[in-house]
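[1] Return atomic coordinates for the entry below.
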Amino acid sequence: MRTFARCVLVAAAFAFSQSAQSSERARDLGVPFDGKTGPLNAITDVTGVTVGQVSIVEDLPEERAVRTGVTAVLPRGDRSSGEPVFAGWFSLNGNGEMTGTTWIEESGFLEGPVMITNTHSVGTVHQATIDWRVSHGRADETGYWWSLPVVAETWDGHLNDINGFHVKGEHVHAALRSASGGPVAEGNVGSGTGMICHEFKCGIGNSSRVAEAGGSTYTVGVLVQANYGLRGTLRIAGVPVGQHLTEDRAYASLAESVQEAGSIIVVVATDAPLLPHQLKRIAKRASLGLARVGGMAGNGSGDIFVAFSTADSEKNREGSVMTVRMLANDAISPLFDATVLATEEAIVNAMVAATDMTGDRGHVAKAIDHEQLRSVLRLYNRLGE
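    Prediction:
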């Protein structure tokens, strides 16, 4: 009798043969990047930011397969439910979803975590995040647990039984409970479990940059869920890698019917004192990092970005008159640079960390071959050895 075992994987705590975390990142292969990173080269280099991830991997009858999950980014860790942060968001192309952005635009605040999942699980994650807020936060001044969660998505239906609605509230709560600082698992993990970019297996990636701005040192951290792009446009370290590595394309069997692929979610965190309009400007710069890797933001792509600052504390917003700090606009350009560079590297990290995956209906997504990548970079004298 055939047995179908359900495996719920909490990132960095468990492993599964098809979604094992690679120990190598892009820099380990000699891929050159500009800019100075934080200690971990991770979004968690921004003090207070935590990340939790749950991967859901299950084999079902009749070649159906579950390859999906949930990723949670908490701006202030355990304090995120009750202590909002200034935020801004930007949609490069809007064939996608990020809930809660209307209130970010109106109020300038991100209230709670940023949650990421697959396209058809947004409702479940939204409801479960409110439940978490009620369970772990305090009521507002009116006595109500009012909440408009930010939940973002990309489509993993090539590898995942996306219409089976396999993400449950328990997975959302597990991702939030597991959130921590330190290194962030990348590749086939969390909400990135079933994601594909440039027709390679892809998923979650992150990176950070340290920048001098206005006489002080600040950190910018970026986390991406990369699920966009066709092979031919892929560029790594300025090299047209996709024009060389043309085999094992995830969508090759669909022939010319696939003329574009999307999407990507980018979360940008910083400890620089920025106001919401400045954070919107930061979020826009993620577009340039995406472009450096060959993202084109086609008609069917959902390229949606959110940026937040942890600099302003709750104690500075008590009472009717509030005191806040902001970096002068004339000093902000180094943070733009940091966002572009960290976004670029986060995407490549997502690709390098991923491993081969066989998913729903036997669909296969091959990871980029590390030695082949190194060989192409070497052709262009772009390999750091």
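[2] buried stuff in stretch 174-194?
    Going by neighbour count (16 or more other Cβ atoms under 10 Å), the buried part of stretch 174-194 is 174-176, 178-179, 181, 184-194. Using the backbone N, CA and C atoms, a C-beta is placed for each residue, glycine as well.
[3] The residues you listed in helices, which ones?
    174-176, 178 (DSSP state H).
[4] okay, which residue is most central for this protein?
    With distances taken as Cα atoms, centre = their mean, V224 lies nearest the centre of the chain, 2.5 Å away.
[5] which residues sit in contact with it?
    By Cβ atoms under 8 Å, 6 or more residues apart in numbering, V224 lies in contact with 204-206, 264-267, 343, 346-347, 350.
[6] Can you flag which of the residues you listed belong to helices?
    343, 346-347, 350.
[7] so which of those residues comes closest to V239?
    I347 (14.4 Å; Cβ to Cβ).
[8] nearest spatial neighbour of A328, skipping sequence neighbours?
    G214 (6.1 Å; Cβ to Cβ, 6 or more residues apart in numbering).
[9] List the backbone torsions phi and psi for that neighbour.
    phi 60, psi 30 (degrees, to the nearest 10).
[10] Correct me if wrong: it contacts A331.
    Yes. Judged on Cβ atoms under 8 Å, G214 makes contact with A331 at a distance of 3.6 Å.
[11] tally of neighbours for T219?
    Per other Cβ atoms under 10 Å, the neighbour tally for T219 reads 25.
[12] List the residues that contact it.
    38, 45-47, 208-211, 270-271.
[13] Let's have these in JSON lines, adding distance to S147.
    Formatted as JSON lines, the contacts of T219 follow (distance: Cβ to Cβ, whole Å):
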{"residue": "G38", "distance to S147": "31"}
{"residue": "D45", "distance to S147": "28"}
{"residue": "V46", "distance to S147": "23"}
{"residue": "T47", "distance to S147": "25"}
{"residue": "S208", "distance to S147": "29"}
{"residue": "R209", "distance to S147": "32"}
{"residue": "V210", "distance to S147": "33"}
{"residue": "A211", "distance to S147": "33"}
{"residue": "T270", "distance to S147": "24"}
{"residue": "D271", "distance to S147": "25"}
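[14] Could you tell me which of these count as buried?
    38, 45-46, 208-211, 270-271.
[15] Could I get the full set of helices for the stretch 151-300 of the chain?
    In the stretch 151-300 of the chain, the helices defined using DSSP state H, counting those that start in this stretch lie at 169-178, 241-244, 276-293.
[16] Low-confidence ranges, the chain, go.
    By pLDDT under 70, the low-scoring segments of the chain are 1-22, 255-259, 313-318.
[17] where's E371, which helix or strand?
    helix 370-379 (DSSP states H and E).
[18] Report how many residues lie close to R325.
    A count of nearby residues for R325, using other Cβ under 10 Å, gives 12.
[19] how close does it sit to P273?
    4 Å (Cβ to Cβ, to the nearest Å).
[20] G362 too?
    51 Å.
[21] Who has more neighbours out of these two?
    Neighbour count, other Cβ under 10 Å: between G362 and P273, P273 has more, with 19 against 8.
[22] Tell me the spacing between that one and R285.
    Counting by Cβ to Cβ - P273 and R285 are separated by 18 Å.
[23] Then G108?
    Counting by Cβ to Cβ, the gap from G108 to R285 is 18 Å.
[24] which of those two has more neighbours?
    R285 (25 against 17).
[25] residues near the residue nearest to the more buried one when sequence neighbours are not counted, how many?
    Nearest residue to R285 in three dimensions, chain neighbours excluded: T339, at 4.2 Å (Cβ to Cβ, 6+ apart). By other Cβ under 10 Å, 29 other residues sit near T339.
[26] now G319
    Residues near G319, counting by other Cβ under 10 Å, number 6.
[27] for E247, same thing?
    Neighbour count of E247, defined by other Cβ under 10 Å: 9.
[28] quick one: it from V340, how far?
    Counting by Cβ to Cβ, the gap from E247 to V340 is 30 Å.
[29] For the contacts of V224, please prepare a markdown table with the additional fields distance to W89.
    Formatted as a markdown table, the contacts of V224 follow (distance: Cβ to Cβ, whole Å):
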| residue | distance to W89 |
| --- | --- |
| I204 | 19 |
| G205 | 20 |
| N206 | 18 |
| I264 | 14 |
| I265 | 11 |
| V266 | 10 |
| V267 | 10 |
| T343 | 15 |
| A346 | 17 |
| I347 | 19 |
| A350 | 21 |
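[30] quick one, what contacts the closest residue to H126 other than its chain neighbours?
    Nearest residue to H126 in three dimensions, chain neighbours excluded: V151, at 4.8 Å (Cβ to Cβ, 6+ apart). For V151, the contact set (Cβ under 8 Å, 6+ apart) comprises 97-100, 115-117, 122, 125-126, 129.
[31] quick revisit: identify all contacting residues around the helix holding E371.
    24, 29-31, 236-237, 239, 241, 244-245, 352, 383.
[32] can you do 10 Å?
    22, 24, 26, 28-32, 200, 236-245, 247, 348, 351-352, 369, 382-385 (Cβ atoms under 10 Å, 6 or more residues apart in numbering).
[33] which of the residues in that helix are buried?
    370, 373, 376-377.
[34] which residue ranges form the strands in the stretch 251-385 of the chain?
    Here the stretch 251-385 of the chain has its strands, by DSSP state E, counting those that start in this stretch, at 264-270, 302-309, 357-358, 364-365.
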